[in-house]
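Asks: fold the following for me, if possible:
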Amino acid sequence: MAPDLRATYLGLELAHPVVASASPLGSSVDGARMLEEAGAAAIVLPSLFEEQIEHEALAVHDVLDSALYTSPEALDYLPELDDYNTGPDAYVEHLAEVKEALSIPVIASLNGSSPGGWVRYARLLADAGADAIELNVYAVEADTAETAEQVETRILEVVRAVRAEVRIPVAVKLGPYFSALAHMAARLVVAGADGLVLFNRFLQPDIDLETLAVVPDLHLSTREELRLPLRWIAILHGRVPISLAATSGIHEPDDVVKVVLAGADVAMVASTLLRHGPGRLTELRNGLGRWLEEREYASVEQAKGSLSQLACPDPSAFERAQYMRALVSFSRPSP
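Replies: Next comes the predicted model:
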């Protein structure tokens, strides 16, 4: 009998645990439809960035402001900026169209930069029909005067504010750079987060030696990057009452198996889809099913977390002891 691949993430019932994470593939209705047809259990839309919206709003404000000084009639026929529809119209429209076209859950992604922005746009996305919202916490904390506690408090305040405003599930996509990540995860639960997505990949700039300019340099993830989310999914599973999504470095069916065994509710993939096409989703799902069947697991749920830190015969494998063992046992590669 084939194993039951069904999974639950953020309270959403999924056919299996392989989810298409935010990528250009979801930026059109046709692309989103292809992801569903290829077997995605759910999709995360590309992020809505608050800076893009604010840039548009400022541009409109400049037009309105200049018109007020050049035409007296403008005071009557131009609307106030608060009434002017400079919000995320295109994103909301796209979200609504994708929801209409697809039968699988659609998760909106929001990357805000101010507490008010997070809340305002989260409300709009919820009203547009999103099944859940992923708060993409992407910030390089470069202020030498700001403490770690201040950074964490700012994130927690955003989560609390969004949670108070929307009724749909809220996940937080975090980077790995916290001094006490497990404690931060527990605080996010208290703040109202329904799930954690581990981890956000911080894109690192490069320096062009010809132009002497700092340039963006985007690289797709590799399988080696899986180890970081794998460790923390295993540590957090069973310790915090929250949904866990693994992302970064999931490219092969074996990678999906690993994150499930560690305790992830879902495996989110993007880079492997960009490399191999949406059809990769079918391969990942089927590969997971074959592995479970060969080892006589009845379901994904039975396998989930069976190699988490709580369930592992050697819990130290996920902590400092493993670092020491790796160094002691390392032998120089053959020339």
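Asks: for stretch 252-259, buried residues please.
Replies: Of the residues in stretch 252-259, 252-253, 255-259 count as buried by neighbour count, 16 or more other CB atoms under 10 Å. Backbone N, C-alpha and C define where each C-beta goes, glycine included.
Asks: what does stretch 295-313 give?
Replies: 297, 300-301, 303-305, 307-309, 311-312.
Asks: try stretch 267-275
Replies: 267-273.
Asks: likewise stretch 231-248?
Replies: The neighbour-count check on stretch 231-248 (16+ other CB under 10 Å) flags 231-237, 240, 242-248 as buried.
Asks: what mean pLDDT does it have?
Replies: For stretch 231-248, mean pLDDT is 96.
Asks: distance between it and the chain's centre?
Replies: Centroid separation for stretch 231-248 versus its chain: 13 Å, with CA atoms, centre = their mean, to the nearest Å.
Asks: same deal with stretch 42-50?
Replies: Here stretch 42-50 is found 8 Å from its chain centre; the criterion is CA atoms, centre = their mean.
Asks: and that stretch, average pLDDT?
Replies: Averaging pLDDT along stretch 42-50 gives 88.
Asks: output the buried residues of stretch 295-313 as a markdown table; include the columns secondary structure.
Replies: Shown next, in a markdown table, are these (DSSP: H, G, I helix; E, B strand; the rest coil):
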| residue | secondary structure |
| --- | --- |
| Tyr297 | coil |
| Val300 | helix |
| Glu301 | helix |
| Ala303 | helix |
| Lys304 | coil |
| Gly305 | coil |
| Leu307 | coil |
| Ser308 | coil |
| Gln309 | coil |
| Ala311 | coil |
| Cys312 | coil |
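Asks: what strands flank the helix or strand harbouring Met268, and is each parallel or antiparallel?
Replies: Here Met268, judged by DSSP states H and E, is contained in strand 266-269. Note on strand 266-269: by DSSP bridges, its sheet partners are strand 18-20 (parallel), strand 243-247 (parallel).
Asks: what's in contact with it?
Replies: With contact meaning CB atoms under 8 Å, 6 or more residues apart in numbering, strand 266-269 is reached by 7, 9, 14, 17-21, 41-42, 44, 197, 243, 245-247, 250-251, 255-256, 259-260, 280-281, 284.
Asks: quick one, strands of this protein?
Replies: Secondary structure of the chain (DSSP state E): strands located at 7-9, 12-14, 18-20, 43-49, 106-111, 132-136, 170-174, 195-198, 206-208, 213-215, 243-247, 266-269.
Asks: got those strands as a markdown table, with distance to Met1 columns?
Replies: Supplementary listing: those in a markdown table, determined by distance: least, CB to CB, whole Å:
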| stretch | distance to Met1 |
| --- | --- |
| strand 7-9 | 18 |
| strand 12-14 | 20 |
| strand 18-20 | 21 |
| strand 43-49 | 29 |
| strand 106-111 | 31 |
| strand 132-136 | 32 |
| strand 170-174 | 33 |
| strand 195-198 | 30 |
| strand 206-208 | 52 |
| strand 213-215 | 54 |
| strand 243-247 | 27 |
| strand 266-269 | 23 |
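Asks: and Arg163, which of those strands is closest to it?
Replies: Proximity to Arg163 (CB to CB) singles out strand 170-174 among the strands of the chain, at 5.8 Å.
Asks: what angle do strand 43-49 and that closest one make with each other?
Replies: Counting by axes from the mean of the first three to the mean of the last three CA atoms, to 10 degrees, strand 170-174 lies at 70 degrees to strand 43-49.
Asks: quick one: mean pLDDT for strand 170-174?
Replies: Rounded mean pLDDT across strand 170-174 is 96.
Asks: C-alpha coordinates for it, CSV please?
Replies: Provided in CSV are the C-alpha atoms of strand 170-174 (Å, rounded to 0.1, in the frame of the first residue of the first chain):
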residue,chain,number,x,y,z
VAL,A,170,1.2,34.0,9.5
ALA,A,171,4.7,32.5,9.0
VAL,A,172,8.0,34.3,9.6
LYS,A,173,10.9,33.7,7.2
LEU,A,174,14.0,34.3,9.2
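Asks: show me what the closest residue to Ala213 other than its chain neighbours is bridged to.
Replies: Excluding the flanking residues, the one nearest Ala213 by CB to CB, 6 or more residues apart in numbering is Ile207, at 7.5 Å. Per DSSP bridges, the residues bridged to Ile207 are Val214.
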